[in-house]
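>>> Take this sequence and fold it.
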Amino acid sequence: MTILKFLLLATLLMFSLNLKAEQLEMIVYRSPACGCCGNWVAYMQQNNFNVKSVMTDDMQSIKQKYGIPEKLVSCHTAIVNGYVIEGHVPAEDIINLLQKKPEITGIAAPGMPLGSPGMEMGGKKQAYRVLSFDKSGKVEIFAEHTDNQ
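Predicted coordinates:
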């Protein structure tokens, strides 16, 4: 390995560790009646996110405010570094988003996928996709998560 490649890899590793090491500020809008949202918040805190929970009974207006396409809606909506995070998105996907900084509005795990963070049910896990979306309504696959079969 050349010294240049080594330095490049070392720099990327340090950036990745720094992003994980510093606490990232996150605002989560959620219904006070939803237990799985609280589980996801606890999971995000365990993954070094500093979470501020905002309880509201009007989640529909939050989703409209942040431009979440109806087909991507889930139970809670978070904002981190200007990106919208909809639903039970894994921390590693959010870290990946923040590292890559794509020109999108955010990412979403539509519905409430069994086995996703906050939706754990024993060892059961279904396959699901995390999708990216932009202001024009364009939706693409951002990450795929497999089931436990």
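
>>> So which residues of this protein form helices?
3-21, 35-46, 59-65, 91-100 (DSSP state H).

>>> what's the least confident stretch among those?
Mean pLDDT is lowest for helix 3-21 among the helices of the chain, at a mean of 47.

>>> now the most centrally placed residue in the chain: how far from residue 73?
The centroid of the chain falls nearest to residue 89 when counting by C-alpha atoms, centre = their mean (3.7 Å). Distance, residue 89 to residue 73, by C-beta to C-beta, to the nearest Å: 13 Å. From N, CA and C alone the C-beta is placed, and that goes for glycine too.

>>> shared neighbours of the two, anything?
Counting by C-beta atoms under 8 Å, 6 or more residues apart in numbering, the shared contacts of residue 89 and residue 73 are residue 108.

>>> Now do the contacts for the residue nearest to the centre of the chain.
Residue 89 is in contact with 107-109, 116-117, 130, counting by C-beta under 8 Å, 6+ apart.

>>> could those residues go into JSON lines alongside pLDDT, distance to residue 142 and neighbour count?
Below are the contacts of residue 89 laid out as JSON lines (pLDDT from 0 to 100; distance: C-beta to C-beta, whole Å; neighbours: other C-beta atoms under 10 Å):
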{"residue": "107", "pLDDT": "98", "distance to residue 142": "5", "neighbour count": "24"}
{"residue": "108", "pLDDT": "97", "distance to residue 142": "9", "neighbour count": "26"}
{"residue": "109", "pLDDT": "97", "distance to residue 142": "10", "neighbour count": "27"}
{"residue": "116", "pLDDT": "93", "distance to residue 142": "14", "neighbour count": "23"}
{"residue": "117", "pLDDT": "93", "distance to residue 142": "15", "neighbour count": "23"}
{"residue": "130", "pLDDT": "98", "distance to residue 142": "5", "neighbour count": "27"}
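
>>> Specify which member of the residues you listed is nearest to residue 101.
For these, the closest approach to residue 101 (C-beta to C-beta) belongs to residue 107, at 12.5 Å.

>>> and the closest one, bridged to which residues?
Judged by DSSP bridges, the bridge partners of residue 107 are residue 85, residue 132.
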